[in-house]
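Trainee: Kindly generate the corresponding structure for this input.
(chains A, B, C and D, ligands or ions: 5)
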Amino acid sequence: MYHRFDAIIVGAGGAGLMAAAQFASEGDVAVVSKLYPTRSHTGAAQGGISAALGNLEEDHWIWHMFDTVKGGDYLVDQDAAEVLSREAIDAVYELEHMGLPFNRTPDGKIDQRRFGGHTRNYGESAVRRACYAADRTGHMILQTLYQQGIKNQVRYFNEVMMVDLLMTEDGVCNGIVGLDIQSGEIHIFHAKAVLLATGGFGRVFKVTSNALALTGDACAILFRRGLPLEDMEFFQFHPTGINKLGILLSEACRGEGGILRNGKGERFMERYAPNLLDLAPRDMISRSIHQEIRAGNGVDGQDYLHLDLTHLPEEVIEEKLPDITDFVRTYMGLNPVTDLVPIQPTAHYAMGGIPTDVEGRVTIDQDNTVVPGLYAAGEVACVSVHGANRLGTNSLVDLVVFGRRAGKHMLDFMKQNDHQPLDPEPDYRARAEIDTLMTNETEENGADIRDELQEHMMDDAGVFRTAEGLQRLQSKLGELKDRYSRVGVRDKGKTFNMDLMEILELGYLIDVSEAVVAGALAREESRGGHFREDFPDRDDVNWLRHTLAYKTSGGIEMGSKPVVITRFEPKERTY
Amino acid sequence: MQVQFRIERFNPDQDTKPWFGEYTVDVEPTDRVLDALNLIKWRQDGTLTFRRSCAHGVCGSDAMRINGRNRLACKELVRDYGSKITIEPMLGFRVIKDLVVDMEDFFASYRTLQPYLVNDEPPGVGRERLQTPEEREIFDDTTKCIMCGACTTACPITWTNEDFLGPAAIVNAHRFIYDSRDHGANERLDVLNSKSGVWRCRTIFNCTEACPRGIEVTRAIEQIKRTLLTGE
Amino acid sequence: MVSSYRGYRAPQGMLSWALHRLTGLGVLLFLFLHIIDIFLVGYGPELFDDLLFIYHHPAFVVGQIALIASVYYHAANGIRIILVDFWSNGYKYERQLFYGAMTVFFIAFIPTATIMIMALLDEL
Amino acid sequence: MSSNRVGREKPIGSNFELYSWYFFRISGVLLVFLAVIHVLIMHVFNTAFDIDYDFVAARWESPFWRMFDWLLLIMALTHGLNGARIAVDDYVKSAGWRVVGYSAILIALLVFGVMGTLAIVTFEP
Ligand SMILES: Cc1cc2nc3c(=O)[nH]c(=O)nc-3n(C[C@H](O)[C@H](O)[C@H](O)COP(=O)(O)OP(=O)(O)OC[C@H]3O[C@@H](n4cnc5c(N)ncnc54)[C@H](O)[C@@H]3O)c2cc1C
Ligand code: HEM
Ligand code: SF4
Ligand code: F3S
Ligand code: FES
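Mentor: Residues are numbered from 1 along each chain as shown, chains lettered A, B, ... in the order given. Ligands and ions are numbered 1, 2, ... in the order given. This is a model prediction of the structure:
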């Protein structure tokens, strides 16, 4: 089936829906999403969204910018960080005006709380900057934005999965190909502008806070088309995932006063970040936890530690962290009011992704050459405001600030440009891929490949990395790719073929993993979320630059791009 | 532990009526029912179809009947059910395939009640609309809704009466009606006062019992009834 | 769609509602009958008393016991519903109120049924 | 797959369902007294075997009991038929059959209401 719109937004998480909200009544826009919008993973975000409102204590956007840059281990593009922290304030008010039910201060303003890495006066002490709605801030953002879409009569194509991107020969984006999961039909969406907002790819790792649907689809699709992925080696491990399950216990737990303890009951963060303690940035804490475990300080010699909330008043736990309390009760049978909670770092957030400029336009090289008509925003994109490590709450800020900018820019773009003609058979690649999967013998089971992929990625591309491990992983990926070519879909039907969807996603996971490993191997230094045991120090001389990974017929080629530095010169990062 | 699953299957491409598939799986007692479904799908029968995403009860994808009651598969642990578990799709919606049901009407009912903030007064630039913590508290419970549909399809009225908007739509109207910043209450209340609205509810409480977010659904509905009655 | 009811493992609230509806409609049906026989009172003592044998038949007495159980149940549960509706904390105690209503039901029903059965046995 | 249509049409403002609901409650409370006292008199203080034409005649000597019984009749009939209306709404899908159902309820209300009223008002021993 053929559809023609001015603009197509792929992904209905916070980024996609914030972009859609910019069109209000103007322009013919459709949102294509493989899940019902309200199922998007933005809804899982718990803790908060930062903006220097200063509702409770003095705060300035420039402090927020500094924290972002420092938190990102100086790999942040500072022009983008400036946009982020300045516009965060406006974006949060815009969300409030749309109806988002933030928690309130006694005088009726938006309440704010502490979060990891957010400080006053360039690192002096923790500051209350995270605006929140209990521990379901992301849920409220997602609901509020979806509701705006209903108000504005946005066209939604739910349960339609993007399987290919359409470009002209001159490299102008003119649409996407989607698979309607319910009917099994292929749809061609012809558009002047396309925004990719498909979220992260945490499912490349075994223990992750990410949804089963977060498989890096758009990253992989672009990668296959020869477009680059930026800084893929930087993946954030969140310190407090529920042991084994990976379900996230928000940093808000520590923002409200929670403490991490090792098996001996020690508050070990005193040794690693004497100033910010348990509210140091995530990369540092996750590494510290692993170091404790390696030193034999895990609980009962095992590979987990404890999050201690027992000293907090019961009302704080029940009222400010109700969902988290519920998770701990449901999945562990423990009561956080009286029990220590077993935790373990969990794969959480992709700092890297599709390179874009501050307008959300996708760029393809070190000169930031843009692909006309192609935009990306949210976790899938790399602006880069998170650099080597994202600060807590900055992702939600990223979604709304850059989702908004991308939406606005697209609106202008589509007014000034026409639809570019499509190829005669624009969906042939997608059809060929799906036909192969549907007709393949089922020699290999996709589930086996996925399990092995996730296990090996966790072991060799997790918190600690070495050249040796990464090389081993690279050859493993080669093997898995080969086996993937022999995977067949077991469900041969057309209606709601979940099996086909999962196998397509597996293909994306493998490609994205390749980019992660290539970046990790290339970057011979340790910075933020990327820690090489064989190169344990940050190396600003050689590596104060972004990596770009390109897929070519001869394998993956690495390029690079300078970091934009405007206000803050790189310094050593201590907390 | 070994668990026997009976799962209602229906593939419109080949079946004329639903049937039950039986599967035995080896799971940890602390595994989620969703984990078991994944195991069956990945290791035994690739055609088994269901919706899922977050796997921890916040996205609302996987509401289904587990041993006869609406639950999220990702929020139920196998150990709480013992060695025999029956899984069926939610009642009252058209089954698309296996456990996947058509949610279009469900979302249509939701849209009927203007589920967005109605307030045409321009807010001040660079500041928020004020609201006290007490005003915020009044509608806190109903902001938790994840649109999973468990409540609506647990309500016996919705099984037979297509006009009833259903508890989920009412919950989301409640979230706005009692928001001090909202001005759209009257229009929503007009709809809720009609034949398809709150008066259809017979205080059966199945909705409250089924809600995986612990929302006091019946309470919200009763609050609206009282508001309609007293005008407060 | 009767099958729907079978497909859901009824929680207590659903049971109480199903019974409430069933008893309400049942009592209504009896009411129709009762109006007809009272109407016949107007035609004089002969006709009415001739028809009374129906009311004295054991099967009918048993039916009447069921009728009275229905009225009692419906009344007790009706009060419970009204409490849930008008008492703002009623929703919290829905279950307790149900058990309360059932207690009232049995306290009222057992003596009533005993008296009726005794009377029937006396008469036989 | 694609959705942006708004749900059902807006209803025209009418408080009928509200009054119906409220009426259930008010008549219900009244019926507790009327129906339960009725049952007690007929089956507890007397038994079915004590009741014959003379019993009815004696009771209806008093205008109070005539009023009592008439109120019971009207309340039970309207309350019960209102309930039947709800049941029709819940179980009858097609618009045509609904009209049939509503009509049957109205007819029952008229016929039984008139029959019962006549019996009570015109009774002369
Ligand atoms: C448990 C958890 C807690 C978090 N807490 C916080 C927090 O407190 N603060 C914070 O700032 N950040 C937090 N984050 C991070 C943040 O929530 C995410 O980075 C962010 O929500 C990503 O939003 P998004 O709009 O980019 O994508 P998502 O919300 O993930 O949405 C992706 C969308 O893309 C669609 N999609 C994907 N693939 C396809 C395809 N092939 N075709 C069509 N559609 C597709 C999906 O259907 C979905 O609608 C948290 C993350 C997690 C996992
Ligand atoms: C004795 C005291 C009675 C009380 C306290 C009472 C109370 C109620 C209440 C509160 C309702 C509304 C239920 C709801 O809205 O969910 C109701 C419904 C109903 N009542 Fe009664 N009632 C009584 C007697 C009767 C009698 C005598 C009849 C029969 C003639 C009757 C028939 C019905 C019917 C048919 C319904 C509809 C049930 C439904 O739709 O769920 N009731 N009653
Ligand atoms: S009210 Fe509860 S059960 Fe109903 S849709 Fe919302 S979350 Fe699901
Ligand atoms: S189950 Fe249904 S009848 Fe009312 S209380 Fe809940 S909506
Ligand atoms: S998978 Fe998200 S609620 Fe169960």
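Trainee: Please make it C-alpha for all contacts and neighbour counts, starting now.
Mentor: Fine.
Trainee: Closest residue of the stretch 451-575 of chain A to ligand 3?
Mentor: residue A:496 (22.4 Å; CA to the nearest ligand atom).
Trainee: same question, chain A
Mentor: Closest point on chain A to ligand 3, by CA to the nearest ligand atom, is residue A:38, at 11.1 Å.
Trainee: I figured that residue hits residue A:144, correct?
Mentor: No: the criterion here is CA atoms under 8 Å, and residue A:38 misses it with residue A:144 at 10.0 Å.
Trainee: hang on, the earlier thing: what number of residues lie near the residue of chain A closest to ligand 3?
Mentor: 25 (other CA atoms under 10 Å in any protein chain shown).
Trainee: Repeat that for residue B:34.
Mentor: Residues near residue B:34, counting by other CA under 10 Å: 22.
Trainee: same check, this time on residue A:171
Mentor: 13.
Trainee: Pull the contacting residues for it.
Mentor: Applying CA atoms under 8 Å, 6 or more residues apart in numbering or on different chains, we find residue A:171 in contact with A:371-372.
Trainee: so how far is residue B:176 from residue B:211?
Mentor: Residue B:211 is 19 Å from residue B:176, where distance means CA to CA, to the nearest Å.
Trainee: circling back: could you measure from the residue of chain A closest to ligand 3 over to residue A:459?
Mentor: Distance from residue A:38 to residue A:459, by CA to CA: 33 Å.
Trainee: who in chain D is up against chain C?
Mentor: D:25, D:28-29, D:31-32, D:35-36, D:39, D:43-44, D:47-49, D:52-54, D:76-77, D:80-81, D:83-84, D:112, D:115-116, D:118-119, D:122-125 (CA under 8 Å from any CA of the partner chain).
Trainee: Pull out the buried members of those residues.
Mentor: For the residues of chain D next to chain C, a burial check counting by 16 or more other CA atoms under 10 Å in any protein chain shown picks out D:25, D:28, D:31-32, D:35-36, D:39, D:43-44, D:47-49, D:52-53, D:76-77, D:80-81, D:83-84, D:112, D:115-116, D:119, D:123.
Trainee: show me where pLDDT drops low in chain D?
Mentor: For chain D, residues meeting the criterion pLDDT under 70 lie at D:1-13, D:48, D:125.
Trainee: Contact partners for the spatially most central residue of it?
Mentor: Residue closest to the average C-alpha location in chain D (CA atoms, centre = their mean): residue D:77, at 2.0 Å. Neighbour list for residue D:77: C:28, C:31, D:109, D:113 [criterion: CA under 8 Å, 6+ apart].
Trainee: Phi, psi for the spatially closest residue to the last one that is not a sequence neighbour please.
Mentor: Translated: residue D:113. Of all residues not flanking residue D:113 in the chain, residue D:74 sits nearest, at 6.9 Å (CA to CA, 6 or more residues apart in numbering or on different chains). Phi and psi for residue D:74, reported as degrees, to the nearest 10, are phi -70, psi -40.
Trainee: Checking the residue of chain A closest to ligand 3 next. Helix, strand or coil?
Mentor: helix (DSSP: H, G, I helix; E, B strand; the rest coil).
Trainee: dump the residue contacts of it.
Mentor: By CA under 8 Å, 6+ apart, the neighbours of residue A:38 are A:12-13, A:142-143, A:146, B:59-60, B:146-147.
Trainee: Write out the residues of the stretch 1-150 of chain A neighbouring chain B.
Mentor: A:38-41, A:43-44, A:89-90, A:93, A:96-99, A:101, A:103-110, A:140, A:144, A:147-148, A:150.
Trainee: ok, of those residues, which come out buried?
Mentor: A:38-41, A:43-44, A:89-90, A:93, A:96-99, A:101, A:103-105, A:108-110, A:140, A:144, A:147-148, A:150.
Trainee: In the stretch 401-550 of chain A, what residue lies closest to ligand 4?
Mentor: For the stretch 401-550 of chain A, CA to the nearest ligand atom, closest residue to ligand 4: residue A:496, 29.5 Å.
Trainee: What helix or strand is residue 35 located in?
Mentor: This is for chain A. Counting by DSSP states H and E, no helix or strand carries residue A:35.
Trainee: wait, chain D
Mentor: With DSSP H and E as criterion, residue D:35 is part of helix D:16-39.
Trainee: what's that helix in contact with?
Mentor: So helix D:16-39 is contacted by B:193-195, B:199, B:228-229, C:68, C:71-72, C:75, C:78-79, C:82, D:68, D:71-72, D:75-76, D:79, D:82 (CA under 8 Å, 6+ apart).
Trainee: continuing past it, what's the next helix or strand?
Mentor: As the chain continues past helix D:16-39, the following element, by DSSP H and E, is helix D:53-59.
Trainee: The residue of chain B found nearest ligand 2 - nearest residue in space that isn't next to it in sequence?
Mentor: Closest residue of chain B to ligand 2, CA to the nearest ligand atom: residue B:202 (3.8 Å). Using CA to CA, 6+ apart and skipping the chain neighbours, the partner closest in space to residue B:202 is residue C:17 (7.6 Å).
Trainee: next one: residue A:76
Mentor: Closest to residue A:76 by CA to CA, 6+ apart is residue A:387, at 4.0 Å.
Trainee: and that neighbour, how many neighbours does it have?
Mentor: Residue A:387, neighbours per other CA under 10 Å, totals 31.
Trainee: can you give me the helices for chain B?
Mentor: Secondary structure of chain B, counting by DSSP state H: helices at B:33-39, B:104-112, B:133-138, B:156-160, B:167-177, B:185-192, B:206-210, B:217-230.
Trainee: If you could redo that for the stretch 401-550 of chain A, that was the one I meant.
Mentor: Ranges of helices within the stretch 401-550 of chain A are A:428-439, A:446-460, A:467-484, A:498-522, A:540-543, based on DSSP state H, counting those that start in this stretch.
Trainee: Where do the domain boundaries of chain C fall?
Mentor: Per automatic domain parsing, the structural domains of chain C span C:25-51, C:57-124.
Trainee: can the longest one be found next to ligand 2?
Mentor: Yes: residues of domain C:57-124 are located near ligand 2 by CA under 6 Å from any ligand atom, namely C:71, C:74-75, C:78-79, C:81-82.
Trainee: swap in the shortest one?
Mentor: Yes: where contact is defined by CA under 6 Å from any ligand atom, part of domain C:25-51 touches ligand 2, namely C:25, C:27-28.
Trainee: Now, those that are in helices?
Mentor: C:25, C:27-28.
Trainee: Tell me, how many residues neighbour whatever residue of chain B ends up closest to ligand 1?
Mentor: Of the residues in chain B, the one nearest ligand 1 is residue B:54, at a distance of 8.4 Å by CA to the nearest ligand atom. The tally of other residues near residue B:54 (other CA under 10 Å) stands at 23.
Trainee: Burial check on the closest residue to it other than its chain neighbours, number of neighbours?
Mentor: Leaving aside its chain neighbours, residue B:54 sits nearest to residue A:211 (4.1 Å; criterion: CA to CA, 6+ apart). The tally of other residues near residue A:211 (other CA under 10 Å) stands at 23.
Trainee: can you pull the contacts of residue A:211?
Mentor: A:41, A:202-203, B:53-55.
Trainee: How about residue A:456?
Mentor: Counting by CA under 8 Å, 6+ apart, residue A:456 has contacts residue A:473.
Trainee: And it, how far from ligand 5?
Mentor: Distance, residue A:456 to ligand 5, using CA to the nearest ligand atom, to the nearest Å: 25 Å.
Trainee: pLDDT value on that residue, please?
Mentor: At residue A:456, the model reports a pLDDT of 97.
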